[in-house]
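**Q** Need coordinates for the following:
(chains A and B)
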Number of protein chains: 2
Amino acid sequence: MNPALDVTYRIDRMVHGEAQRVSDVVERAGGKAANVARVAAQLGGRTHLLAALGGPAGATYADNLRASRLVATTVATTRHTRRTVTVVESDGTTTAFNEAGPAMPDQEWADVRAALDALLDSGDVRVLVLSGSVPPGAPETAYAECVAAASDRGVLTVVDVAGPPLLAALAAGASVVKPNRHELRATVGAEGIEGVQALRAQAPHAVVVASDGEAGLLCVGPDGAWRATPGRPLRGNPTGAGDALVAAIAVSLVDGRSWPEALRLAIGASGAAVLDPVAGHIDPRVAAELAAAATVEPIP
Amino acid sequence: MNPALDVTYRIDRMVHGEAQRVSDVVERAGGKAANVARVAAQLGGRTHLLAALGGPAGATYADNLRASRLVATTVATTRHTRRTVTVVESDGTTTAFNEAGPAMPDQEWADVRAALDALLDSGDVRVLVLSGSVPPGAPETAYAECVAAASDRGVLTVVDVAGPPLLAALAAGASVVKPNRHELRATVGAEGIEGVQALRAQAPHAVVVASDGEAGLLCVGPDGAWRATPGRPLRGNPTGAGDALVAAIAVSLVDGRSWPEALRLAIGASGAAVLDPVAGHIDPRVAAELAAAATVEPIP
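**A** Numbers count the residues shown, from 1 in each chain, chains lettered A, B, ... in the order given. Coordinates of the predicted model:
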C-alpha cells in the first residue's frame, strides 16, 4: 500500500555540507512488497503484485514493473508515489533518504480493496503476502481487513508488519507472521522464544517465524517448533533479507513444503539476499547452497 | 539547455551511513536559467524561458513552471530531465546531490535552435540570457551559435558560462559576460582587474562584469570601468546570487539603465538572493534597500 520508487545514486565519497556530482542513477520499483515479489519469482514462484501508484514516480514505477516482467495490478491514485534516495559511496557506505509520502485519499483504500477482492475471487491466489508500511490515511485495520478477506476464501496469508497492525492481523486469522527481534519487542515487549510465545498466545492457530539476524530463525506453530541457523555468518547488505525470507515462506506454502524445509529455504534466500548488493535480488543457486548448509533443529 | 528539477528534502540531522526519514519534500523547476527568469520577473521584467524537458521529472518541471506563472517555450526531448536533490538539515547544513543527466540526443539541439530562432524572430526579445551548463552531446559551440543568432537580429546577450564556451561566446559577439573569480581564473588564468582585462582583450566591444563574492563587482566595457561594493557584508545562502546578478543586468539592459545604475541593482538583487533561503527568489524591497546602500565608483 505504500510502494516507493528506489533511486540509487553512486558517488565517490559524500562530503557533508557540499554539493556532489552524481554520475550514475538507477531507478527501480521498490518497497518491501516489490522485493518479496522479485525474490519469490527468482525462487520459481508465480507472483502478482498489487500496488497503488500515482504521479511521475508512480509512472516510472509502473514502467519498471513492466521492464522487470513483474505481473501487477496497479490502482491509480492521486497520491504521488514516494521515493527513497539511496546514496552509495565507492567504499560501500550507504545513506538513505526515505520520503514519507502523502496521506492516502479516501477513495484509494476502497479501490485497493476492490482490486484485492477481484484477485482473491479469481481463484488463482494461493498465498497473500502483506508487507510494508501502511500509509497515513489508510485505516488502522487495513491489514486485518485484507487477512479476513483472504481467510474467507481459504487463501493463506503471510504478514510482515509490527505493532498493533500485527496484533490485528493475527486476530483476523493471519496464517504466518514474521517479526524480527526489534518488531517482536515493540509488539509484545519480549524477544526470543519468550516473545514468540507471547505472540502465539494471541493466536494459537498461527505460525510465528521470528528472525534474529545472524542467529537465524525461530519458528513456532501448531505443527511444532524449530530453530534454523545458517551454516556460516554472512557479511553484506541486510536490506531486503527479511523480504527474501518472506518470499521463501510464501513459495514454500504454495509448494506444500514441510516447515523444516521451508525454514531451510528461508535461511538460504535471506542469506543470498545479504550477499547480493541489490535489495530484492538473489542468486537462486547461492540460496540453494546456503539452504543446504543450514541447520534446522526441533525445539523441545 | 540542461535544466534540473530541484528536489529539497528537509530532515532533522543527517546521519552518514544510515537511513533517514524525510517528512518534507519540495519540488521546483530549477537550474540557473529558471532562477534568472524568476528573479527577473521579481524585478519587474517580462521573461520567457526556453527549456528542453523530458521524462517524469520534465513533466513535473513543466507543471511547476505553470504553477509559478513563468512563461516558457518547452522543447520535448527523449532525454529525461535531471534532478538535483538538496538535503537541508535543521541547523541549515545543506548537502546536494546533482545528477549529471543523460547526453543530449542529436535531434534535440536542432529543436532547441529552431525554438530559439522562432522566439528571436518574433521581435519581442530584447535581451537573450544564456546561463547554465551545456549538457554532454550538445555542440561545444552551442552558446556561441545562440549569441550569433541573437546578434544577427540586434538582440543583446548576457552569457553566464566559463572556459572555452565563454571565449567562443565572446568571439561570436556576446554583449555582456559575467564570470565569477573562479571562472575568470579558469578561463584566462588571472583574477581581478587583470583577469577582466585579459578577457576584454579578446573582445573589446563586450562588457565584462566580474563578481568576487563579498568584495562586489568589477565592470569594464566600452563606456567605462566601475567597481561596485555592497554597503555591508551579508551572510546567508549564496546559491542563486549569481543568477540574481544576471537577472538584474538583463532587466537593466531592457530598461536602458546606465551601467552604474545597473551595477547598483545587481548588488541589490544578488544581496537579496543571499538573504533569501530559496535560490531563485528575492524580496524586491530588500533588493532596492541594498541597491541604495551600495557604492559604485569609477575605476581610473
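
**Q** Angles on the backbone of residue A:296, please.
**A** Torsion angles at residue A:296 (phi, psi; degrees, to the nearest 10) stand at phi -120, psi 120.

**Q** Let me know the pLDDT of it.
**A** Predicted confidence (pLDDT) for residue A:296: 97.

**Q** Wait, it touches residue A:263, no?
**A** Yes - under the criterion of CB atoms under 8 Å, residue A:296 makes contact with residue A:263 at 5.3 Å. (Glycine included, C-beta is placed from N, CA and C.)

**Q** Looking at the two, which is more packed in?
**A** For residue A:296 and residue A:263, the more surrounded residue by other CB atoms under 10 Å in any protein chain shown is residue A:263, and the numbers stand at 28 against 21.

**Q** Which residue comes closest to the more buried one once chain neighbours are left out?
**A** The spatially closest residue to residue A:263, leaving aside those adjacent along the chain, is residue A:228, at 3.9 Å (CB to CB, 6 or more residues apart in numbering or on different chains).

**Q** measure the one you found to chain B for me?
**A** 27 Å (CB to the nearest CB, to the nearest Å).

**Q** Looks to me like that residue is in a helix.
**A** No - with DSSP: H, G, I helix; E, B strand; the rest coil as the criterion, residue A:228 is strand rather than part of a helix.

**Q** Report pLDDT for it.
**A** With respect to pLDDT, residue A:228 scores 97.

**Q** Find the nearest non-adjacent residue to the residue of the stretch 151-300 of chain A found nearest chain B, please.
**A** Shortest the stretch 151-300 of chain A-to-chain B distance, computed as CB to the nearest CB: residue-wise this is residue A:239, at 8.7 Å. Spatially, and ignoring its direct neighbours in sequence, residue A:239 is nearest to residue A:279 (4.4 Å; CB to CB, 6+ apart).

**Q** Three-state assignment for the one you found, please.
**A** Looking at residue A:279 with three-state DSSP, the answer is coil.

**Q** list the contacts for it?
**A** Residues near residue A:279 by CB atoms under 8 Å, 6 or more residues apart in numbering or on different chains: A:6, A:30, A:35, A:237, A:239, A:240, A:243, A:273.

**Q** With pLDDT as added columns, please give the residues you listed in a markdown table.
**A** Formatted as a markdown table, the entries for the contacts of residue A:279 read as follows, by pLDDT from 0 to 100:
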| residue | pLDDT |
| --- | --- |
| A:6 | 94 |
| A:30 | 94 |
| A:35 | 95 |
| A:237 | 78 |
| A:239 | 82 |
| A:240 | 87 |
| A:243 | 95 |
| A:273 | 94 |
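
**Q** Please convert those to TSV, extending it with neighbour count and secondary structure.
**A** As requested, the contacts of residue A:279 are exported to TSV (neighbours: other CB atoms under 10 Å in any protein chain shown; DSSP: H, G, I helix; E, B strand; the rest coil):
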residue	neighbour count	secondary structure
A:6	25	strand
A:30	26	strand
A:35	28	helix
A:237	16	coil
A:239	21	coil
A:240	24	coil
A:243	29	helix
A:273	32	helix
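
**Q** Check those and tell me the two furthest apart.
**A** Farthest-apart pair in the contacts of residue A:279 is A:6 and A:273; separation 14.8 Å (CB to CB).

**Q** Name the residues contacting each of residue A:296 and residue A:263.
**A** Common neighbours of residue A:296 and residue A:263 (criterion: CB under 8 Å, 6+ apart): A:226, A:228.

**Q** would residue A:159 count as being in a strand?
**A** Yes - the assignment for residue A:159 (three-state DSSP) places it in a strand.

**Q** any idea how far residue A:173 is from it?
**A** For residue A:159, the distance to residue A:173 under the criterion CB to CB, to the nearest Å works out to 10 Å.

**Q** more neighbours, the two?
**A** Per other CB under 10 Å, whichever of residue A:159 and residue A:173 has more neighbours is residue A:159, with 27 against 16.

**Q** pLDDT score for the more buried one?
**A** 97.

**Q** quick one: contacts for it?
**A** Residues counted as contacts of residue A:159 (CB under 8 Å, 6+ apart) are A:129, A:130, A:131, A:143, A:147, A:166, A:169, A:170, A:174, A:176, A:177, A:178.

**Q** Quick check: chain neighbours aside, which residue is closest to residue A:10?
**A** In space, and not counting its chain neighbours, residue A:10 is closest to residue A:24: 4.0 Å by CB to CB, 6+ apart.

**Q** mind listing what the closest residue to chain B within the stretch 1-150 of chain A touches?
**A** Per CB to the nearest CB, the residue of the stretch 1-150 of chain A with the smallest distance to chain B is residue A:56, at 3.3 Å. Shown in contact with residue A:56 (CB under 8 Å, 6+ apart): A:80, B:56, B:57, B:59, B:60.

**Q** Quickly find the element holding the second one.
**A** This points to residue B:56. Element membership of residue B:56 [criterion: DSSP states H and E] is helix B:55-67.

**Q** I'd like the next helix or strand past that helix.
**A** Using DSSP H and E, the next helix or strand after helix B:55-67 towards the C-terminus is strand B:72-76.

**Q** Paired strands for that next one, with orientation please.
**A** Using DSSP bridges, strand B:72-76 pairs in its sheet with strand B:49-53 (parallel).

**Q** wait, residue A:223 sits on residue A:262?
**A** No - using CB under 8 Å, residue A:223 and residue A:262 do not qualify as a contacting pair, with a distance of 10.9 Å.

**Q** okay, these two: which has more neighbours?
**A** residue A:262 (26 against 11).

**Q** now that one, nearest residue through space, not along the chain?
**A** Once flanking residues are discounted, residue A:262 sits nearest to residue A:252: 3.5 Å by CB to CB, 6+ apart.

**Q** before we move on, what SS does that neighbour have?
**A** Look at residue A:252: counting by three-state DSSP, its state is helix.

**Q** residues in contact with it?
**A** By CB under 8 Å, 6+ apart, the contact set of residue A:252 is A:261, A:262, A:265, A:266.

**Q** From the contact counts, what lies against whichever helix or strand the second one is part of?
**A** So the one you mean is residue A:262. According to DSSP H and E, residue A:262 maps onto helix A:259-275. Using 3 or more CB pairs under 8 Å, 6 or more residues apart in numbering or on different chains; DSSP states H and E as the contact criterion, the elements in contact with helix A:259-275 are strand A:207-211, strand A:217-221, strand A:224-229, helix A:241-255, helix A:284-293, strand A:295-298.

**Q** So which of those is nearest residue A:112?
**A** With CB to CB as the measure, helix A:241-255 is the member of these nearest residue A:112 (19.5 Å).

**Q** Send me the closest one as PDB with only the CA atoms.
**A** Coordinates of each C-alpha in helix A:241-255 appear next as PDB, following Å, rounded to 0.1, in the frame of the first residue of the first chain:
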ATOM      1  CA  ALA A 241      17.000 -10.000   3.600                       C
ATOM      2  CA  GLY A 242      13.600 -10.000   5.500                       C
ATOM      3  CA  ASP A 243      11.800  -9.700   2.200                       C
ATOM      4  CA  ALA A 244      13.600 -12.700   0.800                       C
ATOM      5  CA  LEU A 245      12.700 -14.600   3.900                       C
ATOM      6  CA  VAL A 246       9.000 -13.800   3.400                       C
ATOM      7  CA  ALA A 247       9.300 -14.800  -0.200                       C
ATOM      8  CA  ALA A 248      10.800 -18.200   0.700                       C
ATOM      9  CA  ILE A 249       8.000 -18.800   3.200                       C
ATOM     10  CA  ALA A 250       5.300 -17.800   0.700                       C
ATOM     11  CA  VAL A 251       6.700 -20.000  -2.100                       C
ATOM     12  CA  SER A 252       7.100 -22.900   0.400                       C
ATOM     13  CA  LEU A 253       3.400 -22.600   1.400                       C
ATOM     14  CA  VAL A 254       2.400 -22.800  -2.200                       C
ATOM     15  CA  ASP A 255       4.700 -25.700  -2.900                       C
END
